[in-house]
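A.B. asks: Mind folding the following:
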Amino acid sequence: MERIHSHGHSDHDESHTHSHSHVAEPVKGHPHLHKSAITGGLQGLGGSAALMLVTLTMVSSAELGLVFILVFGVGMILGMIGVACLFSSLLSYTVSHLEKVYVAIKAATGLASIVFGVFMIAQTAVQM
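C.D. replies: Numbers count the residues shown, from 1 in each chain. From the prediction side, this is the model:
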């Protein structure tokens with residue numbers, strides 16, 4: 001984020017005002033992985049209930065079904081935490097070391113979100 005401000009100076013019996021900017025530096029070495037882990041965990045909790053239910057129809061006993069739900073749920077949570085932390089770390093690295101890549105990633109994901117949103121609106125309008 002860029003802040004632009006102006007202020008006055010006195011140099012050798014002469015006063016003048018000028019403006020300049022300060023570009024905010026990203027905080028290095030603090031990628032906020034805990035936020036990514038929480039987000040990943042929540043996504044893992046709700047991400048694939050339908051797949052789990054389809055697989056449960058093929059389990060022979062209730063005990064085996066409960067073990068499957070436990071193992072599947074923990075695996076999904078840990079997997080999504082890992083993926084979220086990986087992406088967060090990569091984006092954090094690009095912010096501090098590859099600014100042009102970071103800007104390109106932001107532009108591409110923003111454009112993809114807009115295109116997907118327009119597609120979903122169009123699909124819903126056609127089905128009505």
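A.B. asks: The longest helix anywhere in the chain packs against which elements?
C.D. replies: Using DSSP state H to assign secondary structure, the helix with the most residues in the chain is helix 62-97. Here helix 62-97 is seen to pack against helix 33-46, helix 49-56, helix 99-127 when contacts are counted using 3 or more CB pairs under 8 Å, 6 or more residues apart in numbering; DSSP states H and E. In this view, the C-beta of every residue, glycine as well, is placed from N, C-alpha and C.
A.B. asks: Deepest in the core, which of those helices is it.
C.D. replies: Each of the helices and strands packed on helix 62-97 was given a mean neighbour count from mean count of other CB atoms under 10 Å, and the largest, a mean of 16, is that of helix 33-46.
A.B. asks: Which pLDDT does the model give Ala62?
C.D. replies: At Ala62, the predicted lDDT confidence score is 81.
A.B. asks: Count the residues that sit near it.
C.D. replies: For Ala62, the neighbour count with other CB atoms under 10 Å is 8.
A.B. asks: just Met76 next, same as before
C.D. replies: Residues near Met76, counting by other CB under 10 Å: 21.
A.B. asks: now it: how far from Ser88?
C.D. replies: As judged by CB to CB, to the nearest Å, Met76 and Ser88 stand 18 Å apart.
A.B. asks: circling back to that earlier point, in JSON lines, list the helices and strands packed on helix 62-97 along with mean pLDDT.
C.D. replies: JSON lines is the format used below for the helices and strands packed on helix 62-97 (pLDDT from 0 to 100):
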{"stretch": "helix 33-46", "mean pLDDT": "66"}
{"stretch": "helix 49-56", "mean pLDDT": "73"}
{"stretch": "helix 99-127", "mean pLDDT": "91"}
